[in-house]
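# here's a sequence, model it:
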Amino acid sequence: MLPIARKKKIKEIILEKKSVTVADLTSQFNVTEETIRRDLKQLEEEGVLNRTYGGAYISEGVQNDVNVNLREHIHVEGKKKIAAECISSIKNGDSIFLDASTTSLVIASMLEDKKLTVVTNSLKVINSLVEKPNINIVVIGGTLSPTSLSNTGRSSEYTLNHYFFDTAFISCRSVSMQHGITDSNEQQAGIRKLAAEHANNVYLIADYTKFDKTSFARICDFDKINHVVVDKTLSTEWKQFLKEQNVTLHECE
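Residues are numbered from 1 along each chain as shown. The predicted structure is shown next:
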């Protein structure tokens, strides 16, 4: 396949799937990883996509569900700041919920020297915690999503409905004053909604790029959220809005 035709096809794939990996494209087009990386670099320069470690993604679209292995390498420093702020709120003996977001994964990696019960539907969170002896892990089963490496679906929600938490840490795809907290994946939104309803305290963990956007499925409104933790300073309008909603804002610059 000629380079121009290959790039056109890659563009079609990423517009459909919202994210691609170098490994998958290398296999599909039977070319070297260097060739694919060069194609992705050119497409990024054309404004088609954003490159990250191991692949590329696009941010547009209400049903934009980016592969978790790529999300791990997006806004890494911001996620570390958010996670560090969240860690300070977790007390010895707490029962907490960590969702399938990569920010929750960073929180999990920082959990040390505390006796906790952690409920999660994320395989990556489970793997991060499994060798920490002080942490009791409760796994929410269900249908495994290869994109998020997490369990979702009706059976997941049925199981989750039996648990209650001191604190739930939930992320999202988008945050809007008008439409509330939304997600690109309807099943993931259902898990996050239920976790928020079953927690004494709910922390919305969201990097600054998610604000003033709306995605496909509603998670909840701000009346279910106690804290918003973000990695940069929000606008005066957002600060006033969250104050009116009785939501505590944590800006982690």
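
# quick check: chain neighbours aside, which residue is closest to the residue most central in space within the chain?
Closest residue to the average C-alpha location of the chain: Ser101 at 3.0 Å, with C-alpha atoms, centre = their mean. Using C-beta to C-beta, 6 or more residues apart in numbering and skipping the chain neighbours, the partner closest in space to Ser101 is Ser171 (3.4 Å). Glycine gets a C-beta too; all of them are placed from N, C-alpha and C.

# could you give the number of residues near the one you found?
27 (other C-beta atoms under 10 Å).

# go ahead and confirm it touches Phe97.
No. Under the criterion of C-beta atoms under 8 Å, Ser171 makes no contact with Phe97, lying 11.6 Å away.

# residues contacting Ile137?
117-118, 120, 126, 129-130 (C-beta atoms under 8 Å, 6 or more residues apart in numbering).

# any chance of those in TSV with secondary structure and pLDDT as columns?
Output for the contacts of Ile137, formatted as TSV (DSSP: H, G, I helix; E, B strand; the rest coil; pLDDT from 0 to 100):
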residue	secondary structure	pLDDT
Thr117	strand	98
Val118	strand	98
Thr120	strand	98
Ile126	helix	97
Leu129	helix	97
Val130	coil	95
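
# now, among those residues, which is nearest to Thr248?
Using C-beta to C-beta, Val118 comes nearest to Thr248 of the contacts of Ile137, at 22.7 Å.

# who's that closest one bridged to?
Ile96, Ile137 (DSSP bridges).

# list the residues that contact it.
Taking C-beta under 8 Å, 6+ apart, one finds 95-98, 108, 111, 125, 129, 135-138 in contact with Val118.

# distance-wise, check Thr26 relative to Glu33.
5 Å (C-beta to C-beta, to the nearest Å).

# picking that back up, quick check on the contacts of Val118: which are buried?
95-98, 108, 111, 125, 129, 135, 137 (16 or more other C-beta atoms under 10 Å).

# would a markdown table of the contacts of Val118 with distance to Gly55 be doable?
Formatted as a markdown table, these follow (distance: C-beta to C-beta, whole Å):
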| residue | distance to Gly55 |
| --- | --- |
| Ser95 | 35 |
| Ile96 | 31 |
| Phe97 | 29 |
| Leu98 | 24 |
| Ala108 | 23 |
| Leu111 | 28 |
| Val125 | 21 |
| Leu129 | 26 |
| Ile135 | 31 |
| Asn136 | 35 |
| Ile137 | 29 |
| Val138 | 32 |
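
# wait, which of those is closest to Val22?
Of these, the one sitting nearest to Val22 (C-beta to C-beta) turns out to be Val125, at 25.1 Å.

# which SSE is that closest one in?
helix 123-129 (DSSP states H and E).

# contact partners of that helix?
By C-beta under 8 Å, 6+ apart, helix 123-129 touches 68, 98, 100, 102, 104-105, 108-109, 111, 118, 120, 135, 137, 139, 144, 149-151.

# could you rerun that using 7 Å?
68, 98, 104-105, 108-109, 111, 118, 120, 135, 137, 139, 149-150 (C-beta atoms under 7 Å, 6 or more residues apart in numbering).

# what comes up buried for it?
So helix 123-129, judged by 16+ other C-beta under 10 Å, has buried residues 123-126, 128-129.

# what about dumping the CA coordinates of it to PDB?
Presented in PDB, the C-alpha positions along helix 123-129 are these (Å, rounded to 0.1, in the frame of the first residue of the first chain):
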ATOM      1  CA  LEU A 123      -8.000  -5.200  36.400                       C
ATOM      2  CA  LYS A 124      -5.200  -2.800  36.400                       C
ATOM      3  CA  VAL A 125      -6.100  -1.500  39.800                       C
ATOM      4  CA  ILE A 126      -6.300  -5.100  41.100                       C
ATOM      5  CA  ASN A 127      -2.800  -5.800  39.700                       C
ATOM      6  CA  SER A 128      -1.400  -2.700  41.300                       C
ATOM      7  CA  LEU A 129      -2.800  -3.700  44.800                       C
END
